[in-house]
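Visitor: Make a model of this:
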Amino acid sequence: MAIFDLFSSRQKKTRGDVPDVYQYDEIPQKLRVQIVHIIKATIGTRVNHSRYGGETYSEVVYREIHEILCKEYGVFSLSNKQRISHFEAVYDYFLQSENFEECLDIIELSFNFIEFHVKEKQYNFTREEGTTQEATDAVEELNQRFKEAGVGYEFLSGEIIRIDSQYIHSEVVKPALSILQGEKLLKGARDEFLSAHSHYRNQRYKEALVDCLKSFESTMKAICEKHGWEFGQNDTAKKLINVCVTNELIPIYMQEQFSHFRALLESGVPTVRNKEGGHGQGSEIKSVSETMVSYTLHLTATNIVFLGECEKKVNKALQRS
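Guide: Numbers count the residues shown, from 1 in each chain. You can find the predicted model right below:
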């Protein structure tokens with residue numbers, strides 16, 4: 001179901017009463033209710049009252065969501081009520097929870113099922129559950145609702161990603177993920193990049209820096225492996241950059257112009273990680289700032305996009321030869 005542009009919504013936009021700065025530690029009640037509406041329209045709420053036939057498609061999904069959350073939170077049920085459905089247990093808890101991270105857990109898990117389970121069985125959910133919203137549209141609406149509410153998150157590639165700048169997110173982070181999803185060789189780099197975002201969202205800043213470097217290095221290793229370029233599995237970022245330059249991943253006629261960029265690669269992600277997050281901190285407890293990690297995440301994404309575009313040019317050159 002498309003978002004309906006109500007009169008009151010248009011008036012708010014006209015008056016400028018729309019959030020221009022994202023907030024991250026609160027999920028407004030209005031947004032929670034809107035999200036539950038999306039989930040109901042996409043997964044359904046049909047209940048089998050008969051003794052025969054087993055659970056409906058939606059009942060299976062809600063039971064699995066409930067069981068996963070209970071196991072991870074170390075409880076037997078998310079509700080103290082007796083004879084309550086799995087749907088009610090999960091989403092009553094979601095609507096009432098004061099813990100915004102748990103709310104994001106429920107959103108992420110629910111839309112994981114929507115993106116990977118419901119989408120695969122879309123015909124069954126539409127026919128048997130009478131759902132009115134398709135999985136792809138549900139994800140798009142969720143992200144639009146996040147934006148409207150001024151909540152700085154987006155559901156992307158099966159995970160909730162924190163957004164610091166919509167422009168950077170659209171122009172850098174999404175293209176980086178698109179490149180990392182392109183080939184099986186890049187799966188490790190993709191997982192590390194998403195892990196860095198997950199650590200960042202949960203304020204584990206040192207771990208985020210470490211995974212930024214891992215993703216950056218894994219991307220270069222994957223490109224080197226694909227093209228049969230010699231490298232060591234334990235090579236550092238600096239050595240891997242040299243391998244990529246030597247093998248003209250960066251075109252020869254542009255190598256001089258990219259000398260400054262190469263220096264940035266060598267002094268950017270690797271150095272930030274090595275100096276800030278990658279070594280023992282001794283007797284002095286070191287802190288890594290949120291700003292530094294945000295910068296490093298975006299720098300990592302930019303470098304991945306750059307390497308991906310250069311690799312495309314190498315592939316085209318090989319096809320012509």
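Visitor: At which residues are the helices of the stretch 51-200 of the chain located?
Guide: 57-73, 86-96, 100-113, 122-124, 135-149, 166-168, 174-180, 187-201 (DSSP state H, counting those that start in this stretch).
Visitor: Contacts for the first one next, please.
Guide: Spelled out, that is helix 57-73. For helix 57-73, the external contacting residues (CB atoms under 8 Å, 6 or more residues apart in numbering) are 43-48, 55, 76-78, 85-87, 89-90, 102, 105-106, 109-110, 113, 117-118, 121, 124-125, 128-129. Where you see a C-beta, it was placed from the backbone N, CA and C, and this is true even at glycine.
Visitor: repeat that for 7 Å
Guide: 43-48, 55, 76-78, 86-87, 89-90, 105-106, 109-110, 113, 117, 124-125, 128-129 (CB atoms under 7 Å, 6 or more residues apart in numbering).
Visitor: mind checking how far the residue lying closest to F76 once chain neighbours are set aside is from L109?
Guide: Spatial nearest neighbour of F76, chain neighbours left out: C70 (6.2 Å); criterion: CB to CB, 6 or more residues apart in numbering. Remark: distance between C70 and L109 (CB to CB, to the nearest Å) = 12 Å.
Visitor: Can you name the residues that contact E207?
Guide: Residues in contact with E207 (CB under 7 Å, 6+ apart) are H199.
Visitor: weakest of the helices of the stretch 51-200 of the chain by average pLDDT?
Guide: Lowest mean pLDDT of those: helix 166-168, a mean of 67.
Visitor: Any regions of the protein where pLDDT drops low?
Guide: Counting by pLDDT under 70, the chain has low-confidence residues at 1-2, 12-21, 50-51, 165-167, 251-287, 321.
Visitor: what's the domain layout of it?
Guide: Using automatic domain parsing, the domain parsing of the chain gives 21-161, 165-320.
Visitor: residues near E134, how many?
Guide: The number of residues packed near E134 is 18, by other CB atoms under 10 Å.
Visitor: Quick check: it touching Q122?
Guide: Yes. Counting by CB atoms under 7 Å, Q122 is a contact partner of E134 at 6.1 Å.
Visitor: In a markdown table, list the helices of the stretch 51-200 of the chain along with mean neighbour count.
Guide: What follows is those, written out as a markdown table (neighbours: other CB atoms under 10 Å):
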| stretch | mean neighbour count |
| --- | --- |
| helix 57-73 | 18 |
| helix 86-96 | 20 |
| helix 100-113 | 19 |
| helix 122-124 | 11 |
| helix 135-149 | 18 |
| helix 166-168 | 12 |
| helix 174-180 | 20 |
| helix 187-201 | 21 |
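Visitor: Reformat those helices as CSV; add distance to C212.
Guide: Below are the helices of the stretch 51-200 of the chain laid out as CSV (distance: least, CB to CB, whole Å):
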stretch, distance to C212
helix 57-73, 26
helix 86-96, 31
helix 100-113, 21
helix 122-124, 36
helix 135-149, 24
helix 166-168, 15
helix 174-180, 11
helix 187-201, 5
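Visitor: Among the ones you listed, which comes closest to E309?
Guide: The closest of the helices of the stretch 51-200 of the chain to E309 is helix 174-180. By CB to CB, the value is 8.2 Å.
Visitor: Sounds good, over and out.
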